[in-house]
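# okay, here's the prediction I keep looking at, along with the sequence it came from:
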Amino acid sequence: MMARAILRLAFVGLLGPMVLGQSVVAAELPKIAVVATGGTIAMKLDPTTHAPVPALSGEDLVSAVPKLKDIATIAVTEFSNVPSDYMGPDRWPALSRKVDEILADPAIQGAIVLHGTDTLDQTAYFLDLTLKSDKPVVLIGAQRNASDVDADGPRNLLNAARQILADGSVGAGVTVTLNHRINAAREVRKTHTSNVETFNSGEAGILGYVDEDRVVFSRKSLRRQTLPLPDRMPRVDLVSMYAGADGSQVRHAAETGAEAIVVEAYGWGNMNAEMHDAIAEVIAKGVPVIVATKVYDGRALPVYGFKGGGNTLLKAGAVFAGDLTPDKARILALIALPATKERAALQKLFDK
């Protein structure tokens, strides 16, 4: 009876087109999940310190983008509200399970993960490796906090929703989408401390672009892989090669319980003789060592034959990370190590 009365009032104009129109449109809108984790996108200036601090919930951020309700019904999950510098192996597995749980709902078309930019590319890669669903998952953040007059968070959030609803989004893997550019989780990296044009994929290039009229996809990432989410996260340390390094940090990592070590090397994967000796020692004790390059583009490869060159490290038993950044080489090791520490098996995963 009440429903019929509302319909009659709507038709005769006493309620106007608003009630009937909104109820029909709302019922037809696709449903998108938003998972809030924190980051600059959720920060505002503290009135006392005048520095950005966590302040906004996922609901707050969604409410700040009125156009969202015109294209989708949004379901918000408040996972955390922390700077992305606090994200890591202690939180990543729970986030992966939560996103998979959300995507298992047939009504959900995809998920947007709100995240800080400092570790956004790492979280994206962890999710890309472990999520079971092929529904689109878009990670976004902001370089400017919500107190800034030109905050970039709202635009990034709207663009992420448009991307999820676009043709070609299913099966594209986890992406990072800021400043209109769509990047694959495996290749993307942060390149600028403050500029809104900070994420790119180096020589691989972007996947596509969220334009004013539509979302344009240009390619897909061909080197994606999915691995089982382990029951526990092993300890994997990251050590950098630097001029004059004596190998003590490599030995210390192994002696204090590291189950694998990623070494951030020069060039094609090179270091000095002292680092070579330390790496050979820990490998002989059963601790895998993965060599990645700190160079922006290109691959870590076993080319040079001087002591400490990549070829000698390969002969010592090191695994080479190819074009994965040191941070992402560590993430792949975190997920792979519980299944295998065998060098050939690990190398196969890094080569895929």
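Structure's in. What do you need? Residues are numbered from 1 along each chain as shown.

# so what's the gap between stretch 83-103 and the chain middle?
Here stretch 83-103 is found 10 Å from its chain centre; the criterion is C-alpha atoms, centre = their mean, to the nearest Å.

# please parse this protein into its domains.
According to automatic domain parsing, the chain comprises the domains 2-217, 236-351.

# save those domains as TSV, and put in distance to R223 and mean pLDDT too.
The way it works is simple: take the backbone N, C-alpha and C, and place the C-beta from them, glycine included. Shown next, in TSV, are these (distance: least, C-beta to C-beta, whole Å; pLDDT from 0 to 100):
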stretch	distance to R223	mean pLDDT
domain 2-217	6	90
domain 236-351	9	98
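
# would you reformat those domains as a markdown table and include mean neighbour count?
Converted to a markdown table, the domains of the chain look like this (neighbours: other C-beta atoms under 10 Å):
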| stretch | mean neighbour count |
| --- | --- |
| domain 2-217 | 18 |
| domain 236-351 | 19 |
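
# how about JSON lines for these, with distance to T226 added?
Putting the domains of the chain into JSON lines (distance: least, C-beta to C-beta, whole Å) gives the following:
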{"stretch": "domain 2-217", "distance to T226": "6"}
{"stretch": "domain 236-351", "distance to T226": "10"}
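
# can you show me the strands along the stretch 251-352 of the chain?
260-265, 289-293, 319-320 (DSSP state E, counting those that start in this stretch).

# elements contacting the shortest one?
Here strand 319-320 is seen to pack against strand 289-293, helix 343-351 when contacts are counted using 3 or more C-beta pairs under 8 Å, 6 or more residues apart in numbering; DSSP states H and E.

# can you pull the contacts of V291?
V262, V263, A265, G269, A300, G310, L313, A318, V319, F320, A321 (C-beta atoms under 8 Å, 6 or more residues apart in numbering).

# looking at those, which two lie furthest apart in space?
Largest separation among the contacts of V291 by C-beta to C-beta: V262 and G310, giving 14.7 Å.

# which non-adjacent residue is nearest the spatially most central residue of the chain?
Nearest to the mean C-alpha position of the chain, by C-alpha atoms, centre = their mean, lies A124 at 1.6 Å. The spatially closest residue to A124, leaving aside those adjacent along the chain, is A185, at 3.8 Å (C-beta to C-beta, 6 or more residues apart in numbering).

# what distance do you get for that neighbour to Y125?
5 Å (C-beta to C-beta, to the nearest Å).

# cool, A172 as well?
Remark: distance between A172 and Y125 (C-beta to C-beta) = 14 Å.

# where do the helices of the stretch 201-350 of the chain begin and end?
248-255, 273-284, 310-316, 326-336, 343-351 (DSSP state H, counting those that start in this stretch).

# these: which one's closest to S96?
Between the helices of the stretch 201-350 of the chain, helix 326-336 lies closest to S96; by C-beta to C-beta that is 9.9 Å.

# isn't A107 right up against A33?
No: the pair A107 / A33 is not scored as a contact, 9.7 Å apart, by C-beta atoms under 8 Å.
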